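# The following comprises the amino acid sequence and a computationally predicted model.
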Amino acid sequence: MIEEDTIKLLRECDQGIKMGISSIDQVISYVSSEKMKNVFLKSKMEHSKIENEIEEMLSRFQDEGKNPNIFVQGMSKMKTNIELMINDSDYKIASIMVDGTNMGVKSLSRYLNQYKAASEEAKYITRKIIKLEEKLSKDLREFL
């Protein structure tokens with residue numbers, strides 16, 4: 001049960017971290033504030049480091065991880081693009097991203113509770129992502 005829950009939790013982390021990176025990539029070209037761009041670039045770098053850790057952990061289980069659902073990712077991109085076409089202010093970008101980070105924290109917290117038998121290492125990486133998302137949300141509040 002430990003291995004099964006560990007793999008499932010790591011897959012959800014893998015999907016979430018990839019969604020986070022994709023979201024940052026999607027909005028960064030719209031950002032006008034250098035300070036905000038730096039917040040995103042720093043966060044993306046941290047996301048990428050964690051993504052590598054997750055992939056390394058999954059490879060120990062001969063698992064390829066989990067990519068974001070194509071439909072969900074497509075709908076998210078379309079919604080974001082429409083919102084940014086209407087209003088591409090830094091406020092709007094921060095608002096969209098804060099909503100996204102909150103969703104990520106909520107989902108990962110649920111998976112952390114759902115896969116209780118996961119290894120401590122997998123739980124640690126999940127908490128690390130949650131903290132990263134909370135930090136990004138906090139850093140973006142000054143732009144709201």
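It's in.
# wait, doesn't Ile129 sit right on Leu108?
Yes: if you go by C-beta atoms under 8 Å, Ile129 and Leu108 touch, sitting 5.9 Å apart. Backbone N, C-alpha and C define where each C-beta goes, glycine included.
# and for these two, which residues touch both?
Residues touching both Ile129 and Leu108 (C-beta atoms under 8 Å, 6 or more residues apart in numbering): Cys13, Gly16.
# Okay, helices next: where are they in the chain?
2-28, 34-60, 70-86, 90-114, 120-140 (DSSP state H).
# highest average neighbour count across those helices?
helix 2-28 (a mean of 20; mean count of other C-beta atoms under 10 Å).
# how about the residue nearest the centre of the chain, what does it touch?
Centroid check for the chain by C-alpha atoms, centre = their mean gives Gly20 as the closest residue, at 3.0 Å. Applying C-beta under 8 Å, 6+ apart, we find Gly20 in contact with Ser43, His47, Gly100, Thr101, Gly104, Glu133.
# got JSON lines for those residues, with distance to Asn113 too?
Below are the contacts of Gly20 laid out as JSON lines (distance: C-beta to C-beta, whole Å):
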{"residue": "Ser43", "distance to Asn113": "25"}
{"residue": "His47", "distance to Asn113": "23"}
{"residue": "Gly100", "distance to Asn113": "21"}
{"residue": "Thr101", "distance to Asn113": "19"}
{"residue": "Gly104", "distance to Asn113": "15"}
{"residue": "Glu133", "distance to Asn113": "16"}
